[in-house]
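**Q** A predicted structure for the sequence below; I have some questions about it.
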Amino acid sequence: MLCSPNYGNSIINVISSIRRFYRFAYLYPTIEKLDIALDKNYSNTIVIFIDGMGSDILRKNVKNGDFLKTHKVSDITSVFPSGGVPALASILSGVAPNEHGNLGRLLYFKEFGVTYDMYAKKMWRTDIPVNIGAETTLAFEDIFADFSVTGKNRPSRRTDTFVLSDDILHTSTTQILCKSFDDICRKLSDISRSAADTFSLVYWTGTANTIRAGGTSSEELYRELSGINNSLQTLCKTLKDTLVIITSTSGFIDSETVDLADFPALCDCFYMSPILEPRAASFFIKPDRLESFTYNFSEAFGKEFLLYPKSEAVRLFGAYRPHFKTDDFIGDFIAAATGKISLSYVAKRRTAKAFTGGITEEEMLVPLIICSTEKAIEYEALI
């Protein structure tokens, strides 16, 4: 089944609910079920994004009756594309890719004539690190910046922490690196016990790495999610006066990679190499090859992708005022994957068994899981 991003019920709206509760400005609507839970005014708030743990993967790899399933309240969508770069930027900024401009892993900066890998921070197809100011150009104000602002909108005793599994970015707050999910749970327990009024945001990438390597139904993935389920259950039993919110940046789908170089008639239409993601490609086409491209693409991939002209594609990325670079990154057409094919347009074919970025339910739907712990009487008396 196909599933387009729903920017009224997505991972961005989780952040809108968080921002609403802490009296920060937000652009996209909130989620009512989450608002109700937050309004009980717990002393500590923990938001955990388990990268790759989509609703389909949860269904296939976690037993009925287990913690993650019993505390699931609904399905929400990711953003488009649902790859790591746009999704992470969206959960930190609280806005869609259209607004923050981080539309995918590979972005072409026309002012430098360079396709830049936003994840590896180097020029595409090379091992050459380059500094073209991409991160500065596409910088955004993250949610932690609001916690550092003094004034009436800041909770009086609030502290905030960003817990990561990889040293992948810098934010305007304390940043703690954890190399295992158990380490994350121990750190969250320490934070919640050591101080009242805390906010912690976790981004765990280990699950996505396991899925890429072994697919969506591997024994390794089953064991990992079982461990995460048990660790979270234990954590929530030990916490007091804490609201724990668990979701994901995206799901994954088992996918076969196809090399575009095997379709010379199609490649002849390209003005430049495609960018963004293997399952969400942005195509820039020579002006006299537009009809040829649509015909050849339909013949080759019409059963595996939906092809959107630019005028229709823009709605996939968000609803509000676009970043000044967004228009540069959306080509003449956007191809959004609907089947099990991913497109390779790099020097070496990727060996991953599963990908994300397309508009299937497997990739787009993620669970919203809410667990509330016992409230402290002492804290309730202060409300």
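**A** Cool, got the structure. Note that the structure is a prediction, hence the values are computed from the model and not measured.
**Q** how's the protein carved up into domains?
**A** 11-253+361-380, 254-355 (automatic domain parsing).
**Q** now the strands: where do they sit in the stretch 1-150 of the chain?
**A** With DSSP state E, counting those that start in this stretch as the criterion, the stretch 1-150 of the chain has strands at 44-50, 72-77, 106-109, 114-117, 122-123.
**Q** nearest residue to the middle of this protein?
**A** Ala87 (2.6 Å; CA atoms, centre = their mean).
**Q** before we move on, the earlier item: which of the strands of the stretch 1-150 of the chain sits closest to Val258?
**A** strand 106-109 (16.9 Å; CB to CB). Any C-beta I mention is one placed from the backbone N, CA and C, and that applies to glycine too.
**Q** returning to what we had before: could the domains of the chain go into JSON lines alongside mean pLDDT?
**A** As requested, the domains of the chain are exported to JSON lines (pLDDT from 0 to 100):
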{"stretch": "domain 11-253+361-380", "mean pLDDT": "88"}
{"stretch": "domain 254-355", "mean pLDDT": "94"}
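**Q** dump the ones you listed to CSV, plus distance to Met1.
**A** Shown next, in CSV, are the domains of the chain (distance: least, CB to CB, whole Å):
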stretch, distance to Met1
domain 11-253+361-380, 5
domain 254-355, 10
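**Q** ok, which of those domains comes nearest Leu2?
**A** Taking CB to CB, domain 254-355 is the member of the domains of the chain nearest to Leu2, at 5.7 Å.
**Q** ends of that closest one, how far apart?
**A** Chord length of domain 254-355, first to last residue, is 7 Å (CA to CA, to the nearest Å).
**Q** same question, stretch 292-310
**A** For stretch 292-310, the first-to-last residue distance is 17 Å (CA to CA).
**Q** now swap in stretch 109-120 and tell me
**A** Per CA to CA, the first residue of stretch 109-120 is 16 Å away from its last.
**Q** buried ones in it?
**A** Using 16 or more other CB atoms under 10 Å as the test for burial, stretch 109-120 gives 109, 115-118.
**Q** dump the residue contacts of Asn6.
**A** Taking CB atoms under 8 Å, 6 or more residues apart in numbering, we find Asn6 in contact with 76-77.
**Q** distance check, it against Ser344.
**A** For Asn6, the distance to Ser344 equals 29 Å [CB to CB, to the nearest Å].
**Q** and for Ile176?
**A** For Ile176 relative to Ser344 (CB to CB), the value is 36 Å.
**Q** circling back: closest one of the buried residues of stretch 109-120 to Asp288?
**A** Of all the buried residues of stretch 109-120, Thr115 has the smallest distance to Asp288: 23.3 Å, by CB to CB.
**Q** surely the closest one touches Trp124?
**A** Yes: under the criterion of CB atoms under 8 Å, Thr115 makes contact with Trp124 at 4.0 Å.
**Q** what touches both of the two?
**A** Common contacts of Thr115 and Trp124, defined by CB under 8 Å, 6+ apart, comprise 106, 273.
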